[in-house]
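[1] Quick one, structure for this:
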Amino acid sequence: MKKDLSIPVFVRALIKAAPALLLSGLCFYLEVYLVAAGFLLCALGDILLDLPEERFPLAFELGAGSFAVALIVFAVASYYKPLAGHPLRPLSLTNIVMAIFIIRWVYGRIPKSRRKLELPYFALLIISNFFASTSNVAVFLGSSLWFMSDLSIGLSTYIPETPANSLDTLGLYDLGLYFLAIGFLNL
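    Numbering: from 1, shown residues only. I've put the predicted structure just below:
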């Protein structure tokens, strides 16, 4: 008799959200409440996006919305950590060109029902990364890693032949969160 060794969906979702929850707790402890709220929204998004759509039909939309609000929070927080002269801004242009190329490549494969949600989300991702380029190097690096993670997820979701996989993208995303924390908390 073979035992089922799968992890229950809520436990798996909490494990996925653990880095963002940890960083949110650290930011609350250090009284950096805006950034703490951003990480808490990321954790909520992680949990919602990990729920099976057949059992939780609105989980995807709510998870994407949670991440969208987190992007806005981090864009606002970037203004509180300005870098004089904005020397990183030209680097954000590279990210924008990459995003446009990938979105153009996958656009035809995105179901029409999801385009209304995913395209504005990717626009927010681009705008947030642009704002992060006005901040310090760690914030911009964190934003760029999150940016690459989400583009990779978009690629692997709609073009399955691409070499992206969930462990790689989750690692990029988690590393991005840590760099955001380093940049916003001056660690």
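
[2] List of residues touching stretch 18-32?
    14, 33, 35-37, 39-40, 42-43, 46, 174, 177-178, 180-181, 184-185 (Cβ atoms under 8 Å, 6 or more residues apart in numbering). Where C-beta positions appear, they are placed from N, C-alpha and C, glycine not excepted.

[3] Recalculate using a threshold of 7 Å.
    35-36, 39-40, 42-43, 46, 174, 177, 181, 184-185 (Cβ atoms under 7 Å, 6 or more residues apart in numbering).

[4] Please, a PyMOL command that selects the buried ones among these?
    Here is the PyMOL selection string for the buried members of the contacts of stretch 18-32, based on 16 or more other Cβ atoms under 10 Å:
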select buried, resi 35+36+39+40+42+43+46+174+177+181+184
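
[5] export the contacts of stretch 18-32 to CSV and tack on secondary structure, distance to residue 113 and pLDDT?
    What follows is the contacts of stretch 18-32, written out as CSV (DSSP: H, G, I helix; E, B strand; the rest coil; distance: Cβ to Cβ, whole Å; pLDDT from 0 to 100):
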residue, secondary structure, distance to residue 113, pLDDT
35, helix, 34, 97
36, helix, 34, 97
39, helix, 30, 97
40, helix, 29, 98
42, helix, 25, 96
43, helix, 26, 96
46, helix, 23, 92
174, helix, 29, 92
177, helix, 29, 94
181, helix, 35, 95
184, helix, 35, 94
185, helix, 39, 93
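
[6] Can I get stretch 42-50 as PDB, trimmed to CA atoms?
    Provided in PDB are the C-alpha atoms of stretch 42-50 (Å, rounded to 0.1, in the frame of the first residue of the first chain):
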ATOM      1  CA  CYS A  42       3.000  39.500  -0.800                       C
ATOM      2  CA  ALA A  43       2.400  36.700   1.700                       C
ATOM      3  CA  LEU A  44      -1.300  36.900   1.200                       C
ATOM      4  CA  GLY A  45      -0.800  36.800  -2.600                       C
ATOM      5  CA  ASP A  46       1.500  33.700  -2.200                       C
ATOM      6  CA  ILE A  47      -1.200  31.900  -0.200                       C
ATOM      7  CA  LEU A  48      -4.100  32.800  -2.600                       C
ATOM      8  CA  LEU A  49      -2.200  32.000  -5.700                       C
ATOM      9  CA  ASP A  50      -1.300  28.600  -4.300                       C
END
